[in-house]
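Student: Sequence below, structure please.
(4 chains)
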There are 2 protein chains.
Amino acid sequence: MGKKISMAVIRRLPRYYRYLADLLRVDIKRISSKELSERMGITASQIRQDLNCFGGFGQQGYGYNVETLYREIGKILGVERRFKTIIIGAGNMGNALANYENFRNRGFDLIGIFDIDPNRVGHIINGIEIMHMDKLEGFMKNNVVDIAILTVPSHSISEVAEKVAELGVKGIWNFSPQDLKLSHDVVIENVHLSDGLAVLGYRIKEQEQNRV
Amino acid sequence: MGKKISMAVIRRLPRYYRYLADLLRVDIKRISSKELSERMGITASQIRQDLNCFGGFGQQGYGYNVETLYREIGKILGVERRFKTIIIGAGNMGNALANYENFRNRGFDLIGIFDIDPNRVGHIINGIEIMHMDKLEGFMKNNVVDIAILTVPSHSISEVAEKVAELGVKGIWNFSPQDLKLSHDVVIENVHLSDGLAVLGYRIKEQEQNRV
DNA sequence: CAACGCTTGACAAAAAAATCACAAAGATGA
DNA sequence: TCATCTTTGTGATTTTTTTGTCAAGCGTTG
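Tutor: Coordinates of the predicted model:
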């Protein structure tokens, strides 16, 4: 296993995974890179090359078996593994994420929700009671927590991130507009929703100009 | 204006914009590509090349004037322009987005929220009353709507998207896990939150293996 | 005001990513 | 069974993106 796979490929995998799930749902058993490429709007060549990074799942003259391919990509992404997950920050975004059913299907088990606001503590979201931040340390010493989803205000993001990192979290999903960088070797995914919106604005502006 | 700017560059602009806002906040007047590169964790060369796509904002021996650069990037992204925006789907995610104050600062004015659920209609989010989907068409004929944020369930996403496209929306910000593709020339940004989470899972798995 | 140091903008080089093209192998059908 | 058709996997090629380099220009200092 010498060759390392580029992030560009990895970031496409969830998309393949989604499309394959769609195919399974409508009971399509096999798919060629060509047909998949048409559905996804990328080149067949790219699909073949991407999938080949992980081994030859396809068969000449036949294509790919949808179920096998789905399972294999799932394995690569780690869907078979369960990640114990907590949410810190039970505001609107925390709420929305806590209620997002898809996460469980993808291997992420929500086991705790924390907030600093006493008015929120005690409320139940999606079957889980919101705990006060004071309880975080104790909770994390009694439970293995793999991932912390941070939906706290910008001004406290780095403090909270440091804390969960020290307490042994393996990954952080950061929803604050502030980029996170930690000394610990914790994997971080920054989301930055509004960046996407800004790009949307740019593209609209550009299209309006081009139409003239 | 012959040369076209690559998406790779565009997608970095909001990040520059954020960092510059941070600098302004702490009253830093000037910044060199070298120092900015250290803060952002990218190469100085890339920063200079990116910024140069839009014209020479910098000055030899001095660096970049933070405020000027901030304003210029804002202009490129279209922050000075206002986008009239509606949200369709007042569930948890729609709620979270409706309450996200940052949007207004970035040029996006929320002027309407719609939902199909009669129990939600009439409630007020962030000063705006949720209207029933039946009212959408009338609303869009009486108001210019630039952007529709779609936080509806997957099964109705394409129907709703088609509708707002026909009614003249210029951009769609799609939060459903389903990729959107329309015939109309509407600009679409798909979000796919859970893709990011899946990548986080992959990276954690990978790091665990490498540590062995 | 001259000399020095810093930093940009531009171009060149390198690296990474995407695409092309085709031999090889399995599927299909007569 | 055999010929034909389809489609993969892969090395070569092209394109895109990132990084490196340096002359030229500006600011700063004495």
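Student: Please make it C-alpha for all contacts and neighbour counts, starting now.
Tutor: Noted.
Student: just the helices in chain A please.
Tutor: Taking DSSP state H as the criterion, chain A carries its helices at A:7-25, A:33-40, A:44-52, A:66-77, A:92-98, A:102-105, A:136-142, A:154-166, A:193-211.
Student: how about CSV for these, with mean pLDDT, mean neighbour count and distance to DNA strand C added?
Tutor: Below are the helices of chain A laid out as CSV (pLDDT from 0 to 100; neighbours: other Cα atoms under 10 Å in any protein chain shown; distance: least, Cα to the nearest atom of the strand, whole Å):
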stretch, mean pLDDT, mean neighbour count, distance to DNA strand C
helix A:7-25, 97, 16, 5
helix A:33-40, 97, 15, 10
helix A:44-52, 97, 16, 4
helix A:66-77, 95, 18, 14
helix A:92-98, 95, 21, 29
helix A:102-105, 85, 14, 26
helix A:136-142, 98, 14, 36
helix A:154-166, 96, 16, 27
helix A:193-211, 92, 17, 18
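Student: can you tell if the longest strand seen in chain A touches chain B?
Tutor: Under DSSP state E, the strand in chain A containing the largest number of residues is strand A:108-115. No: interface with chain B: strand A:108-115 contributes nothing (Cα under 8 Å from any Cα of the partner chain), its closest point being 8.8 Å away.
Student: contacting residues around that strand?
Tutor: With contact meaning Cα atoms under 8 Å, 6 or more residues apart in numbering or on different chains, strand A:108-115 is reached by A:82-90, A:98, A:103-104, A:121, A:128-133, A:136.
Student: okay if I get the helices of chain A as JSON lines plus distance to B:Ser158?
Tutor: Formatted as JSON lines, those follow (distance: least, Cα to Cα, whole Å):
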{"stretch": "helix A:7-25", "distance to B:Ser158": "14"}
{"stretch": "helix A:33-40", "distance to B:Ser158": "15"}
{"stretch": "helix A:44-52", "distance to B:Ser158": "25"}
{"stretch": "helix A:66-77", "distance to B:Ser158": "24"}
{"stretch": "helix A:92-98", "distance to B:Ser158": "22"}
{"stretch": "helix A:102-105", "distance to B:Ser158": "19"}
{"stretch": "helix A:136-142", "distance to B:Ser158": "41"}
{"stretch": "helix A:154-166", "distance to B:Ser158": "34"}
{"stretch": "helix A:193-211", "distance to B:Ser158": "19"}
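Student: A:Val187 - nearest residue in space that isn't next to it in sequence?
Tutor: Distances taken as Cα to Cα, 6 or more residues apart in numbering or on different chains place A:Gly171 nearest to A:Val187, at 4.5 Å, with adjacent residues excluded.
Student: residues contacting A:Gly107?
Tutor: Contacts of A:Gly107 by Cα under 8 Å, 6+ apart are A:Gly78, A:Val79, A:Glu80, A:Arg81, A:Arg82, A:Phe83.
Student: How confident was the prediction at it?
Tutor: Per-residue confidence (pLDDT) for A:Gly107: 91.
Student: what does A:Met1 give?
Tutor: 39.
Student: burial of the residue of chain A found nearest DNA strand C, as a residue count?
Tutor: The nearest approach of chain A to DNA strand C comes at A:Gly61, 3.8 Å away (Cα to the nearest atom of the strand). A:Gly61: 7 surrounding residues under other Cα atoms under 10 Å in any protein chain shown.
Student: residues touching it, list them.
Tutor: A:Gly61 touches nothing, counting by Cα under 8 Å, 6+ apart.
Student: And it, what's its pLDDT?
Tutor: Per the predicted model, pLDDT is 95 at A:Gly61.
Student: Same check on A:Val79?
Tutor: Listed pLDDT for A:Val79 reads 88.
Student: again with A:Ile88
Tutor: 98.
Student: For it, give its distance to A:Leu23.
Tutor: Computed with Cα to Cα, to the nearest Å, the distance linking A:Ile88 and A:Leu23 is 35 Å.
Student: Also A:Met7?
Tutor: Taking Cα to Cα as the measure, A:Met7 falls 25 Å from A:Leu23.
Student: If you drop the residues flanking it in sequence, what lies closest to A:Asn190?
Tutor: A:Asn174 (4.8 Å).
Student: give me every residue that touches the one you found.
Tutor: A:Asn174 touches A:Ile149, A:Leu150, A:Thr151, A:Leu180, A:Ile188, A:Glu189, A:Asn190, A:Val191, counting by Cα under 8 Å, 6+ apart.
Student: what's around A:Tyr64, how many residues?
Tutor: For A:Tyr64, using other Cα under 10 Å, the count is 21.
Student: need the contact list for it.
Tutor: By Cα under 8 Å, 6+ apart, the contact list for A:Tyr64 reads A:Arg30, A:Ile31, A:Ser32, A:Ser33, A:Phe57, A:Gly58.
Student: Check A:Val145 too.
Tutor: A:Phe83, A:Lys84, A:Thr85, A:Ile86, A:Gly168, A:Val169, A:Lys170.
Student: quick revisit: show me the contacts of A:Gly107 that map onto strands.
Tutor: Going by DSSP E, the strands hold A:Phe83 from these.
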